[in-house]
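Asks: Need coordinates for the following:
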Amino acid sequence: MGNEGERDSAGVQSVDRALSVLKLLARHGELGVSEIAAELGVHRSTAFRLVATLENHDLVHQNDERGRYRLGIGVVRLAGATTARLDVVREGRPVGARLAAEVGETVNIAILDRDEALYLDQMAGTSALQAHNWTGRRIALHATSNGKVLLAYAPTGRFEEVTAGRLTRFTERTVTDAARLREELDAVLDRGYATAVDELEVGLTAVAAPVFGADGTVVASLSASGPTFRLTAERLSAVAAQVVAAAAEVSSRLGWYGRARFGQ
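Replies: Residues are numbered from 1 along each chain as shown. Down below sits the predicted model:
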């Protein structure tokens, strides 16, 4: 137990030092290993191991000519991912709030996070009493309308990764067969929206549409969900049209000027 605690403590100390290296480079621009060691109060070999690990993750980059280190492209990627999420929430919230008021149901914004849908924001409609709070939750891609949209537009190979293992069955309506799921995703691409009826929870129906970024890639999905007894098959088509229109508006706010597809 003592050795395990010592290892944990050493690991935390290494993380703390690595973060300190990033802060030093952000403040000074470029530093050599000896300078980093002096700033941290550690041996030069320790500083070298820290920057080598950070370099392996593209978080720092060594200037070949001078042998000094600066922040790497990995930091930019992390910052860009955070900025993109903030942009989606900022631009999507007013549109989602209006959609929630129009349809009277819960509206959610989700993004693809590895093999799950990460729910970033939620707006409750007038009829959505005691609605689930999905914000911050990660949900399986194959069992939700948001997940199906994100998986349908995901990079090549993601579908195979997601379906390589056994797909969890949440209800009797959950699609767990990879071939059938592929057919549903092809239909999503064709008509521009996805539905999930009693697939994550019995009595819960949802419809989602893609949100495009300025470069034309799907950066999020926007959904409306509510009780199946309210979102009937007859009503779902009309709500789908409203969701597609709302998602297109968010897309335009993010700089995408393509045409939303509905019923094609």
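Asks: Now for the closest residue to Val60 other than its chain neighbours: which residues touch it?
Replies: Excluding the flanking residues, the one nearest Val60 by CB to CB, 6 or more residues apart in numbering is Leu54, at 4.3 Å. The way it works is simple: take the backbone N, C-alpha and C, and place the C-beta from them, glycine included. Applying CB atoms under 8 Å, 6 or more residues apart in numbering to Leu54 gives the contacts Ala18, Val21, Leu22, Val60, Gly72.
Asks: if you set the cut-off to 10 Å instead, what comes out?
Replies: Leu54 makes contact with Ala18, Leu19, Val21, Leu22, Leu25, Val60, His61, Tyr69, Leu71, Gly72, Gly74, Val75, according to CB atoms under 10 Å, 6 or more residues apart in numbering.
Asks: Closest one to Leu189 out of these, please.
Replies: Closest approach between the contacts of Leu54 and Leu189, by CB to CB: Gly74, at 31.9 Å.
Asks: That closest one and Val60 touch, don't they?
Replies: Yes: at 8.2 Å, Gly74 and Val60 qualify as touching, with contact defined as CB atoms under 10 Å.
Asks: When those two are compared, which one has more neighbours?
Replies: Val60 (25 against 16; other CB atoms under 10 Å).
Asks: tell me the mean pLDDT for whatever helix or strand Phe159 lives in?
Replies: Per DSSP states H and E, Phe159 falls inside helix 158-163. Averaged over helix 158-163, pLDDT sits at 93.
Asks: before we move on, what about stretch 194-202?
Replies: For stretch 194-202, mean pLDDT is 96.
Asks: And it, what's buried?
Replies: Residues Ala194, Thr195, Ala196, Val197, Glu199, Leu200, Glu201 are the ones in stretch 194-202 that count as buried (16 or more other CB atoms under 10 Å).
Asks: Model confidence for the residue nearest to Leu254 when sequence neighbours are not counted, exactly?
Replies: Counting by CB to CB, 6+ apart, Leu254 lies nearest to Gly213, which is 5.3 Å off, once chain neighbours are set aside. Confidence at Gly213, expressed as pLDDT, is 89.
Asks: How much space separates Gly213 from Thr174?
Replies: Note on Gly213: its distance to Thr174, by CB to CB, to the nearest Å, is 30 Å.
Asks: quick one, which of the two is more surrounded?
Replies: Comparing Gly213 with Thr174 by other CB under 10 Å, the one with more neighbours is Thr174, at 19 against 16.
Asks: hang on, isn't Val21 packed against Thr53?
Replies: Yes: if you go by CB under 10 Å, Val21 and Thr53 touch, sitting 9.5 Å apart.
Asks: of these two, who's got more company?
Replies: Neighbour comparison, Val21 and Thr53: the larger count goes to Val21, with 22 against 14 (by other CB under 10 Å).
Asks: Determine the three-state secondary structure at the more buried one.
Replies: With DSSP: H, G, I helix; E, B strand; the rest coil as the basis, Val21 sits in helix.
Asks: Without its sequence neighbours, what residue ends up closest to it?
Replies: What sits nearest to Val21 in space, not counting adjacent residues and going by CB to CB, 6+ apart, is Leu50, at 5.4 Å.
Asks: wait, Arg90 sits on Arg253?
Replies: Yes: in this structure, Arg90 is within contact of Arg253 by CB under 10 Å, at 8.7 Å.
Asks: So for these two, which sits in the more crowded spot?
Replies: With neighbours defined as other CB under 10 Å, Arg90 and Arg253 compare such that Arg253 has more, 16 against 12.
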